[in-house]
Every structure is written in C-alpha cells, then in structure tokens.
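Student: Predicted model and sequence below, questions to follow.
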Amino acid sequence: MTKVLYTLGLALMVSSLSAQVKFVNEFLNIGVGARAQGMFGSVVASVDDGTAAYWNTAGLTGMKAPLQINAMHANWFGGLSNYDYASIAKVLDEKKNAVGAISFIRMGIDNIPNTLNLVGPDGSIDYTRVTEFSAADYAFLVSYAQAASANKRLSIGGNVKIIHRNIGSFGSAWGFGTDFSLKYKGDRFSFGVVGRDITTTFNSWTFNLSDQEKAVFAQTGNDIPVSSTEITIPRIIIGGAYHFKREAWSYLFEVNSNISTNGTEAGVFSTSRFAVDPSFGSEIGYLDRIFLRVGVGNFQRVLNEVNASRRDFELQPNFGLGLKLGRLKIDYALANVGNVSGILSSHIFSLALDFYPGGKKA
C-alpha cells in the first residue's frame, strides 16, 4: 500500500500519455497573451499584433510596428503550473504586407518529488533517495503571413510547429504539426478562420525506465508505459468581430466558435463525436491607452455533486486590463473570475514592445 501511495500519481501521469487520440497537446489550447485571455481567447477575427502567430497567423499583417517582441508569464490552475511565452515578429516585405514570427511556449510543473525509490527492496524507507523532476511541454512555432488581396483587407497565414514533451528522465516525445488561417478586416466588421492541426499533429513517445522502476510499476498494479504515438485531430475556429470608435472611446465585440470532433458529454453544444465551443469577448478602450476587457466561455453541463442524475450549467468568466505607454503595452488578465467554474483562477501578465527604425515611431 505504501508503494501505491508513493507511485500511483507518477504512474498514472506517465501511462495516461500512451495511445491517445483526443485531448492531446492541451497546453497549446490555453492561449497566449493577457489581452486575449481577458477576452477568453475570442480574438481570432481581431488580433493584429505579434500574438497573432498563435491565435490567427493571418492577423500578423495588422502589425503597426516593423518589429515587435511579446512575453507572457502565468500561474495556471491556482499556481500549480507555470506557463511562459515569448515571441518576436518582424515585417519582411512592406509591399506584400508580409510578416514572419518565431514563438516559444513552455508549460511545466516543476519540483515534483520522485518517490519511486523511496521504499527499498527490503521495505526500508530512505528519504535521501527522493529526487525531483519536471513535467514540461514545449512548442516552437515558425509563422508567416501576407496580404492576399490588393487592398490588403484579406490576409493568409500559417504555422509550422515543433513540439517537445518530457516527464523528467522517464519519458519524452517529439511532435510536428501545421496550422492555416485567413482573416478579413473591414471598416467595422472583421472575420477570421483558423484550421488548427490541419495535417494532424503527431507526438512520438519513448520511455526510459530502469528495471527497478519497472518492478515498482508492476508491484503497484500500474501499466509499464511503452513507446507510442499521440495524434491531435484537426479543428476549425471561426470568429467574427465588430469594432468602432466614438470620440476618445473604442469598442470591440467578438464571438468565436471552436469546432472539433472532440465531443464531450459535458459540452453544451456537444455530442460524442462533434463539438461546438463558443466564447465571447469584449474590449473597451479610452484614448487608445487604457483598456478594459471581459470574456466568457467554457460552457459546460457538469454533474451535480449531490445528485448524479442531474447536471448543472457552468461557464468561465475572464477579466482583463491593459495599459499602453508609447511603444510598451502592459496587460493583465484574471482567468475564471471568482472561481465560478471548477477551474482554479489564474493570474496572467504580458508585455509587448514595438521597435521602430531609429527608435522613433514612423
């Protein structure tokens, strides 16, 4: 029993990664940038900065600076996991309105105790044999976008992404995938379409467990993980935005729909094989300097804790603030305001810095 308590968590973490088809690379579904998070990721049609490399690559063509650097840090799930992001985006050709970007994402749980060797073969307990490890997911994105029409209202873009996942020294995986996107920007209405993992994204896992560690897995009734492949199936995200200005004030309202075959019983608009997950976001700006954002999504019908035959409706509200100081943008978001859903609240901070030739805005 003692070994079960010490090893079950790790065993489940490792073995659950084998032979998955749905809900793979979920860290790439969280999103980047506090501005977008404040709107619950409802930015597919309106995003126009360096973070577009993630949300809708075609939106990179809306960048106003020749070069932009973005960075974000978040403590997700009540501080359990660290999520970090950095990117650099650069205008490559002004005539074609072509922009390229490189992005890096890491999500990890660090300082996890490895207690597999805590209990010796003779049943003795030795805490000096307890070590620590990290379970981390990494993504490296190379992005390109350019105008697809003479008036530059229509843009196209795409990502090539390399994924690396590891669980300490026990196992690691490498993956590869691509995204494709479109964006149309009108005077007041904008539309965006993103094909995420359109070629399917493959993760190939290999595991490296010692004979002693395998013996512990076997003794505690856990499966010994073997080399396997995960497949992320394609999905489509469609967004529409309405934006306008009134004197010193600016207003933006957007709705997104995430369409996939990752159907869940809890989804409000979901079947076992199909799902439509809507989200809504809004942003109000003053003097193009101060911004207030609100978003809502993750609509679910969850089992009632008292009566399992009944389901309760839940949603996740987000809130955000933004401040623009010349070339520097500072954003903050609080995900899941008030812990309305079962997901713990998370604080998200991000920075964006524009660079212009000679250090001055053109």
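Tutor: The structure has been received and is ready for your questions. Numbering: from 1, shown residues only.

Student: Residues in contact with stretch 243-261: which ones?
Tutor: With Cβ atoms under 8 Å, 6 or more residues apart in numbering as the test, stretch 243-261 has contacts from 22, 39, 41-46, 188-190, 233-242, 273-288. Backbone N, C-alpha and C define where each C-beta goes, glycine included.

Student: rerun at 7 Å
Tutor: By Cβ atoms under 7 Å, 6 or more residues apart in numbering, the residues outside stretch 243-261 that reach it are 39, 41-46, 188, 190, 233, 235-242, 273-288.

Student: so who does residue 133 touch?
Tutor: Counted by Cβ under 7 Å, 6+ apart, residue 133 has contacts 112, 114, 168-169.

Student: Looking at the residues you listed, which is nearest residue 350?
Tutor: residue 112 (26.5 Å; Cβ to Cβ).

Student: part of a strand, is the closest one?
Tutor: Yes. Counting by DSSP: H, G, I helix; E, B strand; the rest coil, residue 112 falls inside a strand.

Student: Number of residues surrounding it?
Tutor: By other Cβ atoms under 10 Å, the residues close to residue 112 number 17.

Student: Grab the nearest non-local neighbour of it.
Tutor: residue 133 (5.5 Å; Cβ to Cβ, 6 or more residues apart in numbering).

Student: what about the one you found, distance to residue 26?
Tutor: Separation of residue 133 from residue 26 (Cβ to Cβ, to the nearest Å) stands at 20 Å.

Student: before we move on, what about residue 46?
Tutor: 24 Å.

Student: cool, and residue 67?
Tutor: Applying Cβ to Cβ, the value for residue 67 to residue 26 is 32 Å.

Student: Looking at those two, which is more packed in?
Tutor: residue 67 (16 against 11).

Student: and the residue lying closest to that one once chain neighbours are set aside, how many residues sit next to it?
Tutor: Once flanking residues are discounted, residue 67 sits nearest to residue 355: 4.1 Å by Cβ to Cβ, 6+ apart. For residue 355, the neighbour count with other Cβ under 10 Å is 14.

Student: Residue 355 contacts residue 63, doesn't it?
Tutor: No. With contact defined as Cβ atoms under 7 Å, residue 355 does not count as touching residue 63 (11.1 Å).

Student: intersection of neighbour lists for the two?
Tutor: Common neighbours of residue 355 and residue 63, using Cβ under 7 Å, 6+ apart, do not exist here.

Student: So for the nearest residue to residue 325 once chain neighbours are set aside, what pLDDT did the model give?
Tutor: In space, residue 325 comes closest to residue 289 once its chain neighbours are excluded; the distance is 7.7 Å by Cβ to Cβ, 6+ apart. On the pLDDT scale, residue 289 is placed at 96.

Student: what are the phi and psi angles of residue 289?
Tutor: phi -130, psi -40 (degrees, to the nearest 10).

Student: Can you give me the distance of it to residue 52?
Tutor: Residue 289 is 21 Å from residue 52, by Cβ to Cβ.

Student: ok, the two, which is more surrounded?
Tutor: Counted by other Cβ under 10 Å, residue 289 and residue 52 do not tie: residue 52 has more neighbours, with 33 against 13.

Student: Does that one touch residue 68 like I think?
Tutor: No. In this structure residue 52 lies outside contact range of residue 68 using Cβ under 7 Å: 10.1 Å.

Student: Just give the number of residues close to the residue lying closest to residue 81 once chain neighbours are set aside.
Tutor: Distances taken as Cβ to Cβ, 6+ apart place residue 109 nearest to residue 81, at 5.2 Å, with adjacent residues excluded. For residue 109, the neighbour count with other Cβ under 10 Å is 17.

Student: where does the stretch 101-250 of the chain dip in pLDDT?
Tutor: Scanning the stretch 101-250 of the chain for pLDDT under 70 picks out the ranges 116-123, 126, 129, 212-213, 216-217, 220-223.

Student: What segments of it are helices?
Tutor: 211-219 (DSSP state H, counting those that start in this stretch).

Student: now the stretch 251-362 of the chain
Tutor: Using DSSP H, counting those that start in this stretch, helices in the stretch 251-362 of the chain do not occur.

Student: Quick check: residue 316 vs residue 80, distance?
Tutor: If you measure residue 316 against residue 80 using Cβ to Cβ, the figure is 17 Å.

Student: These two: which has the busier surroundings?
Tutor: Set side by side, residue 316 and residue 80 show more neighbours around residue 316, with 21 against 10, by other Cβ under 10 Å.
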